[in-house]
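1. What follows is a predicted protein model with its sequence.
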Amino acid sequence: MAAREFFDALEARVDPAHIAGIAHSYLFDVDGEGQWLVDVRDGRLTVTEGAAPADVTIRTSGPVFDRITAGEQNPMTAYMTGKLKLHGDLGAAMKLQKLF
């Protein structure tokens, strides 16, 4: 699934029970595809296209993002091998597993 398709459907697809208690913002920067701000607050998730300040910035390539969202690539392995880069609150980044 392309990044745009993933983020266009994310608000409708997320289970509010999975994100309860999370209060962070995430900027996804997918090379060659775009940037999306995902804000998670009070059991609600909103997605806004474009760059904005965030608690965590996640940068990766389109193919790696596609493999992660398809369940074919472990995000932690992608991070450890340099295929995914994180900047900001790493504790907040660990909570991302609830979104996927």
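-> Thanks, I have the structure now. Residues are numbered from 1 along each chain as shown.

2. in stretch 7-25, what counts as buried?
-> Neighbour-count burial for stretch 7-25, counted by 16 or more other CB atoms under 10 Å, picks out 7, 10, 14, 18-19, 22, 24-25. From N, CA and C alone the C-beta is placed, and that goes for glycine too.

3. er, stretch 85-100 actually
-> Buried residues in stretch 85-100 (16+ other CB under 10 Å): 86, 88-89, 92-93, 95-96, 99.

4. ok so, going back, now flag whichever of the buried residues of stretch 7-25 is closest to Asp39.
-> Nearest to Asp39 out of the buried residues of stretch 7-25 is Ser25 (CB to CB; 4.6 Å).

5. pretty sure that closest one is in a helix, no?
-> No. Assigned with DSSP: H, G, I helix; E, B strand; the rest coil, Ser25 falls outside any helix and is strand.

6. Just name the shakiest helix or strand of this protein by mean pLDDT.
-> Ranked by mean pLDDT, DSSP states H and E, the weakest helix or strand in the chain is helix 16-19, scoring a mean of 88.
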